[in-house]
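Q: Structure for this input, please:
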Amino acid sequence: MDNPIGNRSLMLRYVLLAIGWLSVALGVIGIFLPVLPTTPFLLLAAACFARSSPRFYHWLVEHPRLGPWIRNYLDGNGIPLKGKVYAIGLMWASILLSCYLVPLPWARAFMLTSAVLVTVYILRQKTLHKP
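A: Predicted structure coming up:
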């Protein structure tokens, strides 16, 4: 079986690593700053690391503080309600601001359609209830 990471261009791997580390930083900031959602950023980091560096992926998923945020989703336990609320709220705020700033009707339609689909996806995910 081919190594999926080995088939990616070096530039793409670096871009994915950069996005992954930026997402980790934003996720950690989100733990302390209630305006930023932690779970979506850490999930994005895990997805980027899974496609660019198995070492960083395993580090993140097994991390004693950050790992549980990701493992709960990956294990099918769901997303915390706070994560869902922040993800949907910030997404809609940014989409609506973008729609205000971009006057092109086709771009607005694309952004709004994307926001609706992502909202439906997030809402359909199981909600993680703390014990």
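Q: From now on I want contacts and neighbour counts done on CA atoms only, so please keep to that.
A: OK.
Q: Low-confidence regions, this structure specifically.
A: Residues of the chain that meet the criterion pLDDT under 70 lie in 1-8, 34-35, 131.
Q: Check which helices and strands the lengthiest helix in the chain is in contact with.
A: Determined from DSSP state H, the single longest helix within the chain is helix 10-32. Identification of packing neighbours for helix 10-32 by 3 or more CA pairs under 8 Å, 6 or more residues apart in numbering; DSSP states H and E yields helix 38-52.
Q: Would you mark the buried spots in the helix it packs on?
A: By 16 or more other CA atoms under 10 Å, the buried positions in helix 38-52 come out as 38-46, 48-52.
Q: and that helix with helix 10-32, angle?
A: 160 degrees (axes from the mean of the first three to the mean of the last three CA atoms, to 10 degrees).
Q: Contacts for helix 38-52 next, please.
A: With contacts defined as CA atoms under 8 Å, 6 or more residues apart in numbering, helix 38-52 is touched by 4-5, 13-14, 16-17, 19-24, 26-31, 56-57, 60-61, 66, 69-70, 79, 83, 87.
Q: Look up how far residue 110 lies from residue 101.
A: Distance of residue 101 to residue 110, computed by CA to CA, to the nearest Å: 14 Å.
Q: Residue 18 too?
A: Between residue 18 and residue 110 the distance is 27 Å, computed by CA to CA.
Q: ok, now residue 37?
A: Counting by CA to CA - residue 37 and residue 110 are separated by 24 Å.
Q: quick one, phi psi at residue 128?
A: phi -80, psi 120 (degrees, to the nearest 10).
Q: I am finished for the moment; much appreciated.
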